[in-house]
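next one to model:
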Amino acid sequence: YLCAYSIDGLLKWQYKTGAAIGPPVISAEGIIYLGTFAGELYALEPDGSLKWLFKLKDPGSLSAPAFGPGGAIYLLSVFDGYLYAIN
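Residues are numbered from 1 along each chain as shown. This is a model prediction of the structure:
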């Protein structure tokens, strides 16, 4: 689960992914991006709802997503050794 808490420690929301997650990153717009050990890249809205889901061909652990020029999201798959650029 990925969970968000208020500053006073109350659970705001939680989102269950299909597998263990890697480190999430947050865009300037507040979108939360995280990869899973099942080879999935999730984009979650600031309220915890799913914006989109990208599934890699092969499962495996993923690096933390990184942002590039033009809005591209870069993701390294430790399983297959590929660097993915998702636009």
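
now find how far off-centre stretch 64-84 is within its chain.
Between the centre of stretch 64-84 and the centre of its chain there are 11 Å (C-alpha atoms, centre = their mean, to the nearest Å).

how about stretch 78-87?
13 Å.

in it, what's buried?
Y84, I86 (16 or more other C-beta atoms under 10 Å). In this view, the C-beta of every residue, glycine as well, is placed from N, C-alpha and C.

could I have it exported to PDB, CA atoms only?
The C-alpha coordinates for stretch 78-87 follow below in PDB (Å, rounded to 0.1, in the frame of the first residue of the first chain):
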ATOM      1  CA  VAL A  78      16.500  -3.800 -13.000                       C
ATOM      2  CA  PHE A  79      15.000  -7.000 -14.400                       C
ATOM      3  CA  ASP A  80      15.600  -6.400 -18.100                       C
ATOM      4  CA  GLY A  81      18.200  -3.600 -18.000                       C
ATOM      5  CA  TYR A  82      16.200  -1.300 -20.200                       C
ATOM      6  CA  LEU A  83      15.700   2.400 -19.600                       C
ATOM      7  CA  TYR A  84      12.100   3.300 -20.400                       C
ATOM      8  CA  ALA A  85      10.900   6.800 -21.500                       C
ATOM      9  CA  ILE A  86       7.200   7.300 -21.100                       C
ATOM     10  CA  ASN A  87       5.500  10.300 -22.400                       C
END
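
assign the residue positioned nearest the centre of the chain to helix, strand or coil.
What sits nearest the mean C-alpha location of the chain, by C-alpha atoms, centre = their mean, is L34, with 1.5 Å. At L34, secondary structure determined by DSSP: H, G, I helix; E, B strand; the rest coil is strand.
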